[in-house]
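[1] sequence plus the predicted model coming up.
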Amino acid sequence: MNPRMYTENDIHLALDGEMPGDERAAYERWLDANPDMKARADRYAADRERLRRTLEPVLGQPVPPRLQQMLSQPGDRSQRLSWLARAAAAALIFVLGAAAGYGVGFVGRPSADAGTQAFVESALAAHRVYSAEKLHVVEVGADQRDHLVGWLSKRVGVAMAAPDLSPQGFRLIGGRLLPLGATGTAAQFMYEDVTGKRLSLYVTRQSGEEETGFRLETEGGVNALYWLDEGYGCVVAGDVPEAMLRGIADSAYRQLLQGPHA
Amino acid sequence: MRVDDDRRAAIVAELPRLRRYARALLRDADRADDLVQDSVERALQRLDNWRTGENPRRWLFTIMHHLFIDQLRKVKRQVPAQSLDHEAALAVPSDQTDYSSARDICEALERIGADRRAALVLVSVEGFSYAEAANILGIPAGTLMSRVARGREELRALLDDQDRRRSIRVVET
C-alpha cells in the first residue's frame, strides 16, 4: 500500500470530518512529524471552538414574537407561549439578581439567615473536596446522565436536571449525592473546562417560602453564587470570575426549571 | 392541511439554527432576524415546492442563502449599515466574560468575504458536510472546499492581527 502524501489541505478535511477513517492514523503521524502543521491544526480547531461558543447562545435565546407569530397555529400556540413565559421569567430572575448584586453590593449580606448560610457553606466545602479529587470526582458519570438525574431527583426530593453548560465551555463530568445538615440531602453536579478547571452546581430542596436573587460568596479564591427560588436552593461554585458565574447560573437555572428533557 | 401543519412545525423547529446562521452572516441581530423573517415568509409561500422527505434544514438554509445573496447585491449599492454593539446580545447572559473574545471573532468573521464566511459557518458551526454545504450554496464541492479552507485561513490571519494590535497597545500604555 502506498502511503499518500499529506498537505495543508488535509488539515481542513480532517477538521471538517471529511477524511476517510482509514487515513486518520497516517494523518496523525504526519502531524506528529510536522510540528508547524500540528500547530496550525490546533489553532484552527481552537478557532472553530471559539466560533461555536460565540454563536451557541443564539440557539438558547427566545425566538422573537414576530417570527413565532408567522408560524403559530391555533393548536400549539398556548404551549409555546408558556415556554416563552418561562424563559422570560427566568430572564427576569436573572436580571433582578444582577440588579440586586450591583445595587446593594454583597458587603453586608443583610438577610442571609442561618439555614441559608449552612447550605452555602456545605456547598463550598463539597466543592473544595471534590473539585480537587483526581480519581473519584463523581459517583455517577455523565455517561449515565439519565440515571444520575433520576437518582438525584429521587434522593433530594426535587426535580433535577443536569444542565448542559457546554456553551459556557464546561462539560459535565457527573454528580454525587451529599448529606446536608442532620437529615437533609443535596446533589452536586461537577463540570470541567478544557483546561481542567472545575465548576460545581449544588442543588437542594428548599421547603421555606424564601426567595432571593443571586448572591455572591467568595472564599479562598472560589466564587459561589447562590439563590433560593421555586423550592430550589442552588449554588454554583468555581474559580471563575463573577460575571461568568452569573451567565452560568442563569443558564443552569433556566434548564433546571425546564426539567431534564427540555 | 395536515401536511402544511407538519411543515410549519418543522420550520419552527429550525428557527434557532436559522437565527444562529443569520447572525453569523450578518452580525447585526436585527438585520439577522429580518433575514430569518424573509426566509420564513418565502418558505411559507413555497410550502408546496417542498418535496416530501426533503430535509427541512437544508431546504430552509438554501432559501436563506438565496435571500442573503440578493441582499448583498442591494447593500453593495448602499452605505454599509453601522454595526452596533450586538455582541452584547450575543454573549450575554450565557457568557459574559467571553464578551471581548466574542466581539473579536465577530469582527473578524464580518471582515472575511461573504462567500467564504457562508461556507465556513455552514461547515464549522452548523455541521453540514461538504456535499450538503455545496448543495445549499449551489456550488461544486471543490469550490466549497477551497472556500472553507481560505475562509479559515483568513479568519486566523485577522485574529492574529487583532492580537498583534492588542499587544502593541499594551506595550504603549
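    That came through, no problem.
[2] any residues touching the helix or strand where A:Ala237 lies, and which ones?
    Using DSSP states H and E, A:Ala237 sits within strand A:232-238. Here strand A:232-238 makes contact (C-beta atoms under 8 Å, 6 or more residues apart in numbering or on different chains) with A:116, A:119-120, A:123-124, A:127, A:131, A:158, A:197-206, A:222-228, A:245, A:248-249, A:252-253, A:256. Where C-beta positions appear, they are placed from N, C-alpha and C, glycine not excepted.
[3] next SSE after the lowest-mean-pLDDT helix or strand in chain A?
    The weakest-scoring helix or strand in chain A, judged by mean pLDDT, DSSP states H and E, is helix A:77-104 (a mean of 44). Moving toward the C-terminus from helix A:77-104, the next helix or strand (DSSP H and E) is helix A:114-131.
[4] that next one to strand A:232-238, inter-axis angle?
    40 degrees (axes from the mean of the first three to the mean of the last three C-alpha atoms, to 10 degrees).
[5] buried sites along helix A:114-131?
    Residues of helix A:114-131 classed as buried by neighbour count (16 or more other C-beta atoms under 10 Å in any protein chain shown): A:115-116, A:119-120, A:122-124, A:126-127, A:130-131.
[6] tell me the buried residues within the contacts of strand A:232-238.
    A:116, A:119-120, A:123-124, A:127, A:131, A:158, A:198-206, A:222-228, A:245, A:248-249, A:252-253, A:256.
[7] and chain B, which of the residues you listed contact it?
    When contact is defined as C-beta under 8 Å from any C-beta of the partner chain, the buried ones among the contacts of strand A:232-238 meet chain B at A:Ile248.
[8] show me where chain B dips below the pLDDT cut-off.
    Across chain B, the ranges flagged by pLDDT under 70 are B:1-3, B:52, B:75-99, B:169-173.
[9] kindly report the domain assignment for it.
    According to automatic domain parsing, chain B comprises the domains B:1-84, B:86-173.
[10] say whether chain A is contacted by the shortest one.
    This points to domain B:1-84. Yes. Counting by C-beta under 8 Å from any C-beta, chain A is contacted by domain B:1-84 at B:5, B:8-9, B:11-12, B:15-17, B:19-20, B:23-24, B:33, B:36-37, B:40-41, B:44.
[11] equivalent analysis for stretch B:117-126, please.
    Yes. Applying C-beta under 8 Å from any C-beta, one finds stretch B:117-126 touching chain A at B:121, B:123-125.
[12] picking up where we left off before, and the least confident of the buried residues of helix A:114-131?
    Among the buried residues of helix A:114-131, A:Gly115 has the lowest pLDDT, at 59.
[13] quick check, stretch A:19-37 touching chain B?
    No. Using C-beta under 8 Å from any C-beta, stretch A:19-37 stays clear of chain B, coming no nearer than 11.1 Å.
[14] drop anything exposed from the residues of domain B:1-84 next to chain A.
    B:8, B:11-12, B:15, B:17, B:19-20, B:23-24, B:33, B:36-37, B:40.
[15] out of those, what pair is the most spread apart?
    Farthest apart among those by C-beta to C-beta are B:Arg8 and B:Ala24. That separation is 24.8 Å.
[16] partners of the nearest residue to A:Gly175 once chain neighbours are set aside in the sheet?
    Computed as C-beta to C-beta, 6 or more residues apart in numbering or on different chains, the closest residue to A:Gly175 that is not its neighbour in sequence is A:Phe189, at 4.4 Å. On DSSP bridges, the residues paired with A:Phe189 through beta bridges are A:Gly175, A:Leu201.
[17] just checking, A:Phe189 touches A:Pro163?
    Yes. Contact between A:Phe189 and A:Pro163 holds when scored by C-beta atoms under 8 Å: they sit 7.4 Å apart.
[18] distance of B:Phe128 from chain A?
    To chain A, B:Phe128 is 9 Å away according to C-beta to the nearest C-beta, to the nearest Å.
[19] what's the burial count for that residue?
    Applying other C-beta atoms under 10 Å in any protein chain shown, we find 22 other residues in the vicinity of B:Phe128.
[20] for it, phi and psi?
    Phi and psi for B:Phe128, reported as degrees, to the nearest 10, are phi -80, psi 150.
[21] do you know how far the most centrally placed residue in chain A is from B:Gln162?
    In chain A, the residue lying closest to the centroid (C-alpha atoms, centre = their mean) is A:Leu165, at 2.7 Å. Applying C-beta to C-beta, to the nearest Å, the value for A:Leu165 to B:Gln162 is 27 Å.
[22] before we move on, what about A:His127?
    Here the criterion is C-beta to C-beta. By it, A:His127 lies 35 Å from B:Gln162.
[23] ok, A:Ala159 next?
    Applying C-beta to C-beta to A:Ala159 and B:Gln162 gives a distance of 44 Å.
[24] ok, B:Ala118 next?
    Counting by C-beta to C-beta - B:Ala118 and B:Gln162 are separated by 22 Å.
[25] neighbour count winner among the two?
    B:Ala118 (26 against 14).
[26] packing partners of the helix or strand harbouring that one?
    Assigning secondary structure by DSSP H and E places B:Ala118 in helix B:114-124. With contacts taken as 3 or more C-beta pairs under 8 Å, 6 or more residues apart in numbering or on different chains; DSSP states H and E, helix B:114-124 sits against helix A:35-55, helix B:2-26, helix B:56-76, helix B:99-111, helix B:130-137, helix B:141-172.
[27] mind listing what's buried along that helix?
    Neighbour-count burial for helix B:114-124 flags B:115-124 (criterion: 16+ other C-beta under 10 Å).
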